[in-house]
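1. Here's my sequence, what's the structure:
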Amino acid sequence: MYLIFSGEGSTDTGTDEFPGPMLYLIDQIINKRFSSSILDTQNYQFIPRKQLIKRAKVLPTLPKIL
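-> Residues are numbered from 1 along each chain as shown. Predicted coordinates for the structure are as follows:
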């Protein structure tokens, strides 16, 4: 599992180097549900909203599954 966080400020989710309080909360929820810690495995990334929008514009259009 790999999580990408965006939309929240770095004081909430933190950065790639320093996790914020929301990331600890999300980690506890995932750990309880899947017995896995994203903090231990470092399977997460914070992407600022502007950068995420910029990346989304260059992605090819994918067919809708549902």
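2. so who does residue 55 touch?
-> Taking C-beta atoms under 8 Å, 6 or more residues apart in numbering, we find residue 55 in contact with residue 47. Every residue, glycine included, has its C-beta placed from N, CA and C.
3. so where's the chain shaky on pLDDT?
-> By pLDDT under 70, the low-scoring segments of the chain are 7-10, 16, 62, 66.
4. Could you list every helix and strand that the longest helix seen in the chain packs against?
-> In the chain, taking DSSP state H as the definition, the longest helix is helix 21-34. If contacts are counted by 3 or more C-beta pairs under 8 Å, 6 or more residues apart in numbering; DSSP states H and E, helix 21-34 sits against strand 3-5, helix 10-13, helix 38-41.
5. same thing but at 10 Å, please
-> strand 3-5, helix 10-13, helix 38-41, strand 44-46 (3 or more C-beta pairs under 10 Å, 6 or more residues apart in numbering; DSSP states H and E).
6. now for the ones you listed, which one comes closest to residue 23?
-> helix 10-13 (5.2 Å; C-beta to C-beta).
7. other SSEs contacting that closest one?
-> Helix 10-13 is packed against strand 3-5, helix 21-34, strand 44-46, with contacts defined by 3+ C-beta pairs under 10 Å, 6+ apart.
8. How far away from the center of its chain is the longest one?
-> On the basis of C-alpha atoms, centre = their mean, to the nearest Å, the separation between the geometric centre of helix 21-34 and that of its chain is 12 Å.
9. cool, stretch 41-56 as well?
-> That offset, for stretch 41-56, works out to 7 Å (C-alpha atoms, centre = their mean).
10. mind listing what's buried in that stretch?
-> Using 16 or more other C-beta atoms under 10 Å as the test for burial, stretch 41-56 gives 44, 46.
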